[in-house]
Structure formats: C-alpha cells, structure tokens
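1. need coordinates for the following:
(chains A and B)
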Protein chains: 2
Amino acid sequence: MAVYTKVSDTQLAHFLSAYDVGMPRTFKGIAEGVENSNFYLETDRDRFILTLYEKRVNAEELPFFLSLMQYLVEAGLPTAAPVADREGEALKALNGRPAALIQFVTGVSKDQPDEEDCAALGIMLARLHKATAGFDGKRENNLSVDGWKTLIERCAGRADECSDGLNAFINEEMAALDKEWPGGDDLPRGVIHADLFPDNVLFTGHDITGIIDFYFACTDFYAYDLAVCLNSWCFDAKRNFIPGHAKAMIKGYEATRGLSDVEKKSLPLLARGASLRFLLTRLYDWLNQEPNALVTVKDPLEYAEKSRFFRSDEFRNLLDD
Amino acid sequence: MAVYTKVSDTQLAHFLSAYDVGMPRTFKGIAEGVENSNFYLETDRDRFILTLYEKRVNAEELPFFLSLMQYLVEAGLPTAAPVADREGEALKALNGRPAALIQFVTGVSKDQPDEEDCAALGIMLARLHKATAGFDGKRENNLSVDGWKTLIERCAGRADECSDGLNAFINEEMAALDKEWPGGDDLPRGVIHADLFPDNVLFTGHDITGIIDFYFACTDFYAYDLAVCLNSWCFDAKRNFIPGHAKAMIKGYEATRGLSDVEKKSLPLLARGASLRFLLTRLYDWLNQEPNALVTVKDPLEYAEKSRFFRSDEFRNLLDD
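-> Now for the predicted structure:
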C-alpha cells in the first residue's frame, strides 16, 4: 500500500517516448497491489496503470504474467492488457526496476461483497478457467504444499509469539494436508489466479468490470482457485461463515463450468490448504514486520479460524445440498 | 506519501449519499499531499479528490482553507473547488477524520521546471495575490519568525546530530532574521500560498492547469511567497542557483503585479527566512523520523546551502539587473 520507487515527470516522459500512447496529463502514485509501485497515468489519448515491480516479484516470471494478461483480454475477459511499446515490448525497465504499462480498468472493489457479487464472482472464475485452458504458459504454484513447508521452516517455532498453540496447529494441519493433498492428475488443473480476494475484483454495481493483480497466477487445480475464493469472499467481518455467499458462488461457477463429484468432495481439503497458505504468508509478514512501517500487517489468526471451519460438518453439508 | 486512513466501498457509499455527485466508478488511494490521506474518485458524473485530514492539520483551520479554495475558483484561478453536499457543507467527516471532496484538476507536476515554467509560475503567483486581495479570511503564518523560534526550541541543540555546526548556523541566522524581519506594515501583505513548491503546481506542457495543497496558506507578505518560490524553483538538483529561472519568475510576477523597490530590496532577507523555515521543518522531521517508516525524510542541509546563497552578492546583483 505505498509507492516504493518514485518516478519524476522527466523519467516518465523518457519512458513514454518509446510508446505510442500520447502525452501525460495526470500522473499519480496509487496505493494498490502486493508490493509493487503503481501509478495512475492519464494521457491525452487513454488511461493506464504504470507498474514498477519491486523485490517480491521474480523478474524472470514477469513474461508469464504479462502474456497471461494479454491472452485473457483477447479471450474477452474483463482484465487489464499490458501495452507494448513501438518495438512490441510490454516488459520494460524504469528507474532500475522492471516496469510495464497496463490498460486502466474502471471499477471499485467491494469490502463487503453480497450474495449477488459472489454469484458474479463464481461465474467469472469459471470463465477464467475455461479461458486459460487455451493458454500454453505454465508456472508452478510456489505457494502450494512445498512452499508451505518452506514457510513453516522460516517461521520455525516462532508461531506461538503470535498466538499460543499456533505452532502445534500449523504442524498438525501441515501433516494432514501433506498426506491427503491430491496428486497432479487427481483433479482438473490449469492456470488459476490463486489470489482472487475481493480487492482484486472491480465492480460497477453487481457487474464485474475488472480482475486485476495476476502476480500469483500459476498452474494448479481449478477447484483450488474456488477454495481461495471461499476463504476470502464467504466470511463476514467477524469471521462468521456466510452459507448464502458460498452457495451463490459455487452455483455461479457450476453454471459456467461444471464441477465433478471428485472436485466437490475435495473442496473442504482444498479450502483448508488455502487457509494454511494465507495463514503462513500472513504469519511470515507478522513475524518480520518493521515496527514503524506504515504497512498494516494482517492478522494471521483469521485463517486459523477459517481453516477450522472448513473441517466442520456444516461446510460438508453445505456442499451436499 | 501514503494513505493513512482506509476507506471501504461501503464507507464511501455512505459518505457520498449526502452529495449529488453520482455513483463511484473508480476509487484509489493516492500518494499525494502533506500528511493527509487522499483518494482519486471517479463517479459516473465527474472526478474528485477525497481528502481525509490527518494529525498535522488543525481541524479548526479547515474552513479557512476550504473557503479560500472556493474563493479562488470563483476568481478564475486554476485551483480545485471543494464540493458541497446537499446541505451546502463542504467540510464533512469520514472514518473519524475531517474530510472534504475536492474537484479533480488535471496536470502533471514538474520535477525539473524550466525557465518557461518559472515565468508561468511568476505570472500565476501574482494573479493569486491579486485575487486573494478580495478574500476576507485571515490566518496568521504560524511558520514565520515566532514559529521558527518554537521549532528551534524543539530541536534544541540536536541540530549537530544532523550536521556539525548546524546548530550555530541556525542560531546566528535566527538572531539576524529576528532583528531585520519586516514589520506588518512595512511590505504589502495578504493571503499567500506559502508552500508553492513544484509538486503543488500542475502543468500541461508549459501551461499551469492547477495550483493545489493550500494547507499552509496564511496572511503574510506577498514578496515572501515569491521568496518561497525562489527557494524551491530556482536551484538545480545539485543545489546550484539558476539565475535564468529567478529572472523569468520575477519578470513574470512583475508583469502582473508590480513589485515596489522596498519589496525587491527585501527579497534576499525574505528568501533567507524561507530557507530557514524549510530548514527547520525538515530538521524537525529528520530528528523525529521513525527509523523504518516508508516516508522519505528530506535533507535539511539543502536549505542551509540555499540560505547562504541568498546572502551572496550574486543574488543581490541579479535583483538589481
């Protein structure tokens, strides 16, 4: 939620001289995205987001992300297209950082999505999965089982600094998931978003106008993407599960891309996996926060609570309805 | 350069329900302004900046700033108008902070203004002074002589932590300015901007499209406002004075509002005063910085160097040309 690298008007003018996008009219740093520097840019012709990729993004993976974004726009999805310069290059450099100019997408993200929003999200997620089936890029999910183990090693035993008993909970959950996690051929897979939280979905009313921030996209189970959304869209601010949200989302998804019985049966396990993934990355950030930084560190325990819910009969019964 | 207070789409919708401005289409936190939280807001009707005023702004002074902004727009200056709600109120509250919706102004601020930009700035500054002559609000400049003394007390003796000999320099300069500073009737005065750095002026090409950030505006000498601009527009990145910039700025100013001989003769002293003002606020921030905060603390010494320049014969001679 900050601009890490500044860009002066002179640097911007030099950067834009390689493109056919017109002259800058407005240029403002915006608080958005994972850990990149983002700028809102308006020229006399169009509107863009200029992104400078900071430390957390692996520069070698940027071509995968950018070509996926381009592919999805061509497939008719409401996503943001990277803009190529006159040489046809979308991935450039600015101020020593990899940088890309991305088309601007209108819309407002929802802090408290309702049932109708969840239905729209389910439909859009299925459309995304059907579209990526034709995309031939591949990227391993480095935040799946092996990635969780690495994170657990790094947080080694310090979890109880955050909350008593959290270390034991994580280790038990990791052992269970490691044992039961589906193999590569057990479930349909392809390129998924893998981080489709409400702040990455822009709406106008109940219509989705934009899906953004594809920088965790990877090859994994389609149903895991749905499991991520069950975690991030279907609980209220007090962390109570909202069955109507989950039902609407799954129904929307199934209307567009059918879920097999095996996929449905695996949802509780996949949802626990997604809970552990966000628990661990939040725990890592929590343990490594800079004391006075302006960045708000999110509560890891939220996902321990959600993980417990996904083991419940209440959730299994909902899926059987 | 950050968003201190978050605003959710639900909070925004509730806030906007008091206004006739249409439905939100885009809403993004932007990195701009002194220490306030600013958001770019686009509705189906128009574009705005939503500002939440944080700790450094005295809420009791906000009506002065907002009525000044409104007055200047009506006077035809390229400034941003506060937007009133249906009850006619421009100053509202959001998330526990005073808040105001301001019309959006297009333009890009210049990191390295050129001579033509400085000429435009001089003209615009004089237009601003002629316009505020008709505005009947008053606000003491709390960052003039008495304010500098307060800052010196707070930084008491710690200046040398920043640079050897800085404490002595500040005390000598303060003593000299205290003795020589003009009295209230010695020079023409009225409402000035008092912080018109390049980042507060938006351009399209060489045309000024916006003057923003009036939250230091106060009643003081018109020539002091020009002295602030000589400090902030007329040195290069290596802190070398650029005579052509200063000449163009003064010439532009004089073409619009004449400077008396007394005003001209007082410019070296007023410019030293402005140097001390920015030296002291930067020193205060430097001494009180949070070690890991994302905010970049600016170098106080830049203004010690500028102060020394304004005592030089080179600057006096330039004014005599």
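
2. contacts and neighbour counts: CA atoms only from here.
-> Noted.

3. residues contacting stretch A:84-101, please?
-> Applying CA atoms under 8 Å, 6 or more residues apart in numbering or on different chains, the set of residues contacting stretch A:84-101 from outside is A:5, A:7, A:11, A:15, A:18-20, A:48-54, A:59, A:62-63, A:66, A:82-83.

4. swap in 7 Å and give it another go.
-> A:15, A:18-20, A:48-54, A:59, A:82-83 (CA atoms under 7 Å, 6 or more residues apart in numbering or on different chains).

5. do stretch A:263-283 as well
-> A:143, A:148, A:151, A:177, A:187, A:223-224, A:227-228, A:231, A:298-301, A:303-304, A:306-307, A:310-311.

6. which among those residues count as buried?
-> A:143, A:148, A:151, A:177, A:187, A:223-224, A:227-228, A:231, A:300-301, A:303-304, A:306-307, A:310 (16 or more other CA atoms under 10 Å in any protein chain shown).

7. go through these and flag which are in strands.
-> Of the buried ones among the contacts of stretch A:263-283, none are assigned to strands by DSSP state E.

8. and the two most separated of the contacts of stretch A:84-101?
-> Largest separation among those by CA to CA: A:Asp20 and A:Glu54, giving 25.5 Å.

9. in chain A, which spans are helices?
-> Under the criterion DSSP state H, chain A carries helices at the ranges A:9-16, A:62-74, A:115-132, A:145-154, A:159-162, A:166-180, A:222-233, A:243-256, A:261-287, A:301-310, A:313-320.

10. can you give me the angle the longest one makes with helix A:313-320?
-> Compare the direction of helix A:261-287 with that of helix A:313-320 by axes from the mean of the first three to the mean of the last three CA atoms, to 10 degrees and you get 140 degrees.

11. tell me the mean pLDDT over helix A:261-287?
-> Regarding helix A:261-287, the rounded mean pLDDT is 96.

12. what residues does the stretch 51-200 of chain A put near chain B?
-> Proximity of the stretch 51-200 of chain A to chain B, by CA under 7 Å from any CA of the partner chain, involves residues A:106-111.

13. can you list these in CSV and add distance to A:Leu94?
-> Compiled in CSV, these are given as follows (distance: CA to CA, whole Å):
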residue, distance to A:Leu94
A:Thr106, 25
A:Gly107, 27
A:Val108, 28
A:Ser109, 28
A:Lys110, 32
A:Asp111, 33
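
14. just these: which has the poorest pLDDT?
-> Minimum confidence in these sits at A:Asp111, scoring 92.

15. got the contact list for the residue nearest the centre of chain A?
-> Nearest to the geometric centre of chain A sits A:Asp195, at 1.9 Å (CA atoms, centre = their mean). Residues counted as contacts of A:Asp195 (CA under 7 Å, 6+ apart) are A:216, A:228.

16. burial measure for A:Gly96, as a count.
-> Residues lying near A:Gly96 (other CA atoms under 10 Å in any protein chain shown) number 10.

17. and A:Asp320, what's its pLDDT?
-> For A:Asp320, pLDDT reads 85.

18. how about the nearest residue to A:Leu196, chain neighbours excluded?
-> A:Cys229 (6.2 Å; CA to CA, 6 or more residues apart in numbering or on different chains).

19. so the one you found sits against A:Asp199, correct?
-> No - checked against CA atoms under 7 Å, the pair A:Cys229 and A:Asp199 is beyond contact range at 11.6 Å.

20. what do these two both touch?
-> Between them, A:Cys229 and A:Asp199 share no contacting residue, judged by CA under 7 Å, 6+ apart.

21. looking at those two, which has the bigger crowd around it?
-> Using other CA under 10 Å, the more surrounded residue of A:Cys229 and A:Asp199 is A:Cys229, with 25 against 17.

22. for A:Leu267, see how far away that one is.
-> Going from A:Cys229 to A:Leu267 by CA to CA, to the nearest Å gives 11 Å.

23. likewise A:Gly184?
-> Separation of A:Gly184 from A:Leu267 (CA to CA): 15 Å.

24. give me the nearest residue to A:Ala133, chain neighbours excluded.
-> Closest residue to A:Ala133 apart from its sequence neighbours, by CA to CA, 6+ apart: A:Gly190 at 6.2 Å.

25. same check on A:Phe27?
-> A:Leu41 (4.6 Å).
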